[in-house]
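Visitor: predicted model and sequence follow; I will ask about them next.
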Amino acid sequence: MSAAPVICFGQQPCGIFPRRFLYSKFQTARRLQSEIGGRIVFFYHDSDHDPRETQTCLRHRKTGEPHTLNFAFENKLQRKYSPLYAKRVTSAWRDTTARQLPAYVPQCWTDAFRKTEAVNIADFCLEMYRHMGLLDGVEIVRSSSPDVRRAACDITDFFVDVPHEGEIVRARHNPSANSLQLHEGGNTFVTLPHSAGSWEKSQISPTRDSRLRWMQSVIHCTHYIAGLGEQAYLNKADAPEILFVTRDEIDRSDEAYTDVPV
């Protein structure tokens, strides 16, 4: 008897309200599940460190004008280099954002925002998606999980989460020197003092190019839902057993989705 389908999609935390393309992935997964059965797994790539991932573009409820929100960061080091699960949520940002939201979203989502108490950005986004009902019946696999990292296959192209100047930073492994580096921009890098062998597998997360193979070694999905842009850079040869499914079309895909029925 063949195993039940495992329908998967991946995404970084992508705003206090999910971007519309993420909502489309949820919807595509539920539609596919209704057709073939199986379970849905959301690969939550919260090891990523790019602060632009959590930009949230909302439309003013009266004028329709777009407005982009993002988290505030305690310091430059945390903003630029800390993984999303280690970027802390500030109380000042909570208060300021809560006052702005009624102009852009129904009151129920402002209320959900106010009662979300997560202390880091990755948890905050996930909790908001949970309030919106998007995670009902969906399994979550987080790339920040030490257990997931230990269970994943070995990779040669990776980042390592290490302490640096009072923060956790996500440093790129430089294979030519077997060292860790922070990219300052252009051709400028800062080499950290961590020596080879000083980090453990539980601190390692994949790069964009190694992510599919790393993820699949843990999730073993049968179907993977992605937009055409994501499929263009995925090395499908790393997981030939997967059937790739293009997510459903959605307009203004990069804006936030707040139309979930209350």
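Guide: Right, received. Where do you want to start? Bear in mind the structure is a predicted one, so any value in this text is a computation, not a measurement.
Visitor: scan the helices and strands of the protein for the one with the lowest mean pLDDT.
Guide: Least confident element among the helices and strands of the chain, by mean pLDDT, DSSP states H and E: helix 228-233 (a mean of 90).
Visitor: chain center to it, what's the gap?
Guide: Taking the mean of its C-alpha atoms, helix 228-233 sits 16 Å from the chain's own mean (CA atoms, centre = their mean, to the nearest Å).
Visitor: same question, stretch 122-138
Guide: 12 Å.
Visitor: what about that stretch, average pLDDT?
Guide: What stretch 122-138 shows for mean pLDDT is 97.
Visitor: would you mind listing the buried residues in it?
Guide: Within stretch 122-138, the residues scored as buried using 16 or more other CB atoms under 10 Å are 122-129, 131-132, 134-135, 138. Yep, even glycine has a C-beta here, placed from its N, CA and C like the rest.
Visitor: got the domain ranges for this structure?
Guide: Domains of the chain are assigned by the TED database as 6-144+220-246, 149-202.
Visitor: straight-line length of the last one, end to end?
Guide: Read it as domain 149-202. Terminal residues of domain 149-202 are spaced 5 Å apart (CA to CA, to the nearest Å).
Visitor: just stretch 241-258 next, same as before
Guide: Using CA to CA, one end of stretch 241-258 lies 35 Å from the other.
Visitor: may I see the buried residues of it?
Guide: Under 16+ other CB under 10 Å, the buried positions of stretch 241-258 are 242, 245, 247-248, 250, 253, 255-258.
Visitor: quick one: low-confidence ranges for the stretch 151-262 of the chain?
Guide: For the stretch 151-262 of the chain, applying pLDDT under 70 flags the ranges 261-262.
Visitor: all helices of it, in order?
Guide: 211-219, 228-233 (DSSP state H, counting those that start in this stretch).
Visitor: which strands or helices does the longest one pack on?
Guide: Judged by 3 or more CB pairs under 8 Å, 6 or more residues apart in numbering; DSSP states H and E, helix 211-219 is in contact with strand 6-11, strand 39-44, strand 138-142, helix 146-151, strand 204-206.
Visitor: out of those, which is closest to T54?
Guide: For T54, the closest of the helices and strands packed on helix 211-219 is strand 6-11, at 11.6 Å, according to CB to CB.
Visitor: run a quick neighbour tally on A177.
Guide: Burial of A177 is recorded as 10 neighbouring residues (other CB atoms under 10 Å).
Visitor: and for it, nearest residue in space, chain neighbours not counted?
Guide: Distances taken as CB to CB, 6 or more residues apart in numbering put T191 closest to A177, at 7.7 Å, once the chain neighbours are dropped.
Visitor: my guess is the one you found contacts Q181, does it?
Guide: Yes - using CB atoms under 8 Å, T191 is in contact with Q181, at 5.3 Å.
Visitor: give me the common contacts of those two.
Guide: Jointly contacting T191 and Q181 under the rule CB atoms under 8 Å, 6 or more residues apart in numbering are N174.
Visitor: ok, these two, which is more surrounded?
Guide: Legend: neighbour count by other CB under 10 Å for T191 and Q181, higher for Q181 (15 against 12).
Visitor: burial measure for the nearest residue to the more buried one once chain neighbours are set aside, as a count.
Guide: The shortest distance from Q181 to any non-neighbouring residue, by CB to CB, 6+ apart, is to F189 (4.3 Å). Per other CB under 10 Å, the neighbour tally for F189 reads 16.
Visitor: picking that back up, could you dump the buried residues of stretch 122-138 into CSV with distance to Q33 and secondary structure added?
Guide: Formatted as CSV, the buried residues of stretch 122-138 follow (distance: CB to CB, whole Å; DSSP: H, G, I helix; E, B strand; the rest coil):
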residue, distance to Q33, secondary structure
A122, 25, helix
D123, 26, helix
F124, 27, helix
C125, 23, helix
L126, 20, helix
E127, 23, helix
M128, 23, helix
Y129, 18, helix
H131, 22, helix
M132, 19, coil
L134, 14, coil
L135, 14, coil
V138, 10, strand
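Visitor: wait, which of those is closest to A4?
Guide: Nearest to A4 out of the buried residues of stretch 122-138 is V138 (CB to CB; 15.2 Å).
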